[in-house]
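**Student:** okay, predicted coordinates and the sequence, questions at the end:
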Amino acid sequence: MIRAEDLGELLLPWLVDQRWYRAKARGARTLRTVSATPLADGLQHTMVEVDSELYQLPLGTRDAFADPGAVIAVDGGTQVYDATLDPELMGHLLTLIARGAVIGGLTFSTEPGVTLRTGLRARPIGVEQSNTSIVYGTEYILKLYRQPDPGPNRDVRLHRALRSVGSRHIAAPLGVIAEEGLVLGFLQRFLPDAVEGWATATASVRDLLAEADLYANEVGGDFAGEARRLGAAVAQVHASLADALGTARAGAGAVETEVDAMHARLDTALAEVPDLRGEERTIREAFDRVRALGGGLTVQQVHGDLHLGQTLRTTNGWVLIDFEGEPAATPQQRRTPRSPLVDVAGMLRSFDYAAFHLLAGEEADRQLTARAQEWSDRNRGAFCDGYAEVAGDPRDQEVLLRALELDKAVYEVRYEHHNRPEWRPIPLAAIRRWSFL
Ligand SMILES: Nc1ncnc2c1ncn2[C@@H]1O[C@H](COP(=O)(O)OP(=O)(O)O)[C@@H](O)[C@H]1O
Ligand SMILES: O=P(O)(O)O[C@H]1O[C@H](CO)[C@@H](O[C@H]2O[C@H](CO)[C@@H](O)[C@H](O)[C@H]2O)[C@H](O)[C@H]1O
């Protein structure tokens, strides 16, 4: 058995370097192996506690692993590495799910009625992610939650709920890996023809910025039709979630709690990012206007962390992925029903990101800024039009929508500050633009 403690000195800096390691700013000091389960020759499933937070770490061991860059440590002449990078070892996981295996405390299961094909070539998806996903052939994708949530897994629960009412806008859930009630892995249908919404949207922005003399509706890569269809798809997902899991009326007390939470998130962001201070008053006023709405709000389960990177355009329309909810929220907060406008606000912010990301860090150019603004307005509008074709027009709830967008932008300023400082000007500039309205 490999004990993470024995690899401590090498494992800790490696962990802090991983995109999925959440407490980057704090670093990592202590390490404890919580469970170590051999799953196959050279594959050990490991749960470790890093400074009292639980992480999932499948470890591989070989005399010499093909990718020397992936090696974490050498233990008595054997290389120890991140097993998610080893196609053969990841192939075992699919076999275990297909068989419904139980090994130690780990259970592998398929969803009712699902029969899996095994022996498919496994490959890591290879994009920067919060978790780690492995693709099997062109058929399945397995997400391994790096920091699994205690209690019911929201991603799995919401996918099952959407599946139960026949939603066309998700990738079908196929199987689960769990340990003592903790969901560690989620297998879904892979959509091989899918293109990320972020990629298609930003290609369209590039087209526009390259065409000095054409308007957004005249360039080849106009995105407004897609933005409208995406708006309709998001509204349909909201309707399906309401069908499957119900809606509720959040009374005045719950609205107060929501507004207080926005202020608290702003307090945290202000303490970490002083650049926000100039905008504090405008943001707080926008939050407080929500208190005056009275009458309460209709709330339900929503996506919770919706942006263009969580949308896939397939030949059959738009699909939403990753229903874990906002990474910075606690599991309890993520489970609390919220207004569907939370997702609308997330998408509207994302159109603004797509429009302005090419200009971040550049000397302000009035012409390019105006073009980016044109793209943003056109596509934000089209998204709301599409949403309104299926449900109420989100723009009719202007006060709430504005507060939620600002709340999201504050979250983004903090997110970028810690993860991509060069992108921090994108949400900051958006907040400043609103400040001058
Ligand atoms: N069903 C799927 N079919 C095709 N690609 C997918 C599918 N699910 C996820 N992806 C790809 O994997 C990436 C990461 O998936 P996601 O669920 O967002 O993981 P994470 O929680 O790690 O961010 C997505 O951005 C998308 O490119
Ligand atoms: O890792 P997740 O997908 O759960 O979400 C986190 O990372 C996102 C960045 O990948 C971040 O999204 C922000 O950047 C996007 C462009 O890369 C943009 O489309 C989003 O609108 C913007 O919020 C997300 O906020 C964060 O939770």
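**Tutor:** Done, it's in. Residues are numbered from 1 along each chain as shown. Ligands and ions are numbered 1, 2, ... in the order given.
**Student:** so who does Gly325 touch?
**Tutor:** For Gly325, the contact set (Cβ atoms under 8 Å, 6 or more residues apart in numbering) comprises 154, 303-305, 334-335. Heads up, the C-betas are built off the backbone N, CA and C, glycines and all.
**Student:** elements contacting the one helix or strand Leu15 maps to?
**Tutor:** Under the criterion of DSSP states H and E, Leu15 resides in helix 4-17. Where contact means 3 or more Cβ pairs under 8 Å, 6 or more residues apart in numbering; DSSP states H and E, helix 4-17 is packed against strand 31-40, strand 43-50, strand 71-75.
**Student:** tabulate the ones you listed in a markdown table, adding columns for mean neighbour count and mean pLDDT.
**Tutor:** Conversion of these to a markdown table gives the following (neighbours: other Cβ atoms under 10 Å; pLDDT from 0 to 100):
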| stretch | mean neighbour count | mean pLDDT |
| --- | --- | --- |
| strand 31-40 | 16 | 93 |
| strand 43-50 | 21 | 94 |
| strand 71-75 | 16 | 83 |
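**Student:** got the phi/psi numbers for Leu312?
**Tutor:** With angles defined as degrees, to the nearest 10, Leu312 sits at phi -120, psi 130.
**Student:** count the neighbours of it for me.
**Tutor:** When neighbours are counted by other Cβ atoms under 10 Å, Leu312 registers 20.
**Student:** assess the claim that it and Asp193 are in contact.
**Tutor:** No - Leu312 lies out of contact with Asp193 (Cβ atoms under 8 Å); the separation is 9.3 Å.
**Student:** related to what we said a few turns ago, by neighbours, which of the contacts of Gly325 wins?
**Tutor:** In terms of neighbour count, His303 stands highest of the contacts of Gly325 at 27 neighbours, by other Cβ under 10 Å.
**Student:** that one and Val237 touch, don't they?
**Tutor:** Yes - using Cβ under 8 Å, His303 is in contact with Val237, at 7.1 Å.
**Student:** joint contacts of the two?
**Tutor:** Common contacts of His303 and Val237, defined by Cβ under 8 Å, 6+ apart, comprise Leu320.
**Student:** who's in contact with the residue nearest to Val114 when sequence neighbours are not counted?
**Tutor:** Using Cβ to Cβ, 6 or more residues apart in numbering and skipping the chain neighbours, the partner closest in space to Val114 is Leu174 (5.0 Å). Contacts for Leu174 (Cβ under 8 Å, 6+ apart) come out as 110-111, 114, 116, 140, 187-189.
**Student:** any idea how far stretch 86-97 is from the middle of the chain?
**Tutor:** Averaging C-alpha positions (Cα atoms, centre = their mean, to the nearest Å) puts stretch 86-97 25 Å from its chain's average.
**Student:** what's in contact with the lengthiest helix in the chain?
**Tutor:** If you go by DSSP state H, the chain has its longest helix at helix 366-390. With Cβ under 8 Å, 6+ apart as the test, helix 366-390 has contacts from 201, 204-205, 208-209, 212, 215-217, 223-225, 227-236, 239, 344, 347-348, 351-352, 354-356, 358-359, 362, 393-395.
**Student:** so which of those residues would count as near ligand 1 as well?
**Tutor:** Near ligand 1, judged by Cβ under 6 Å from any ligand atom, there are no entries from these.
**Student:** show the buried residues in those residues.
**Tutor:** Those of the contacts of helix 366-390 that meet the buried threshold are 201, 204-205, 208-209, 216, 223-224, 227-236, 239, 344, 347-348, 351-352, 354-356, 359, 394, by 16 or more other Cβ atoms under 10 Å.
**Student:** among the contacts of helix 366-390, which are located in helices?
**Tutor:** Those of those mapping onto helices are 201, 204-205, 208-209, 224-225, 227-236, 239, 344, 347-348, 351-352, 354-356, per DSSP H.
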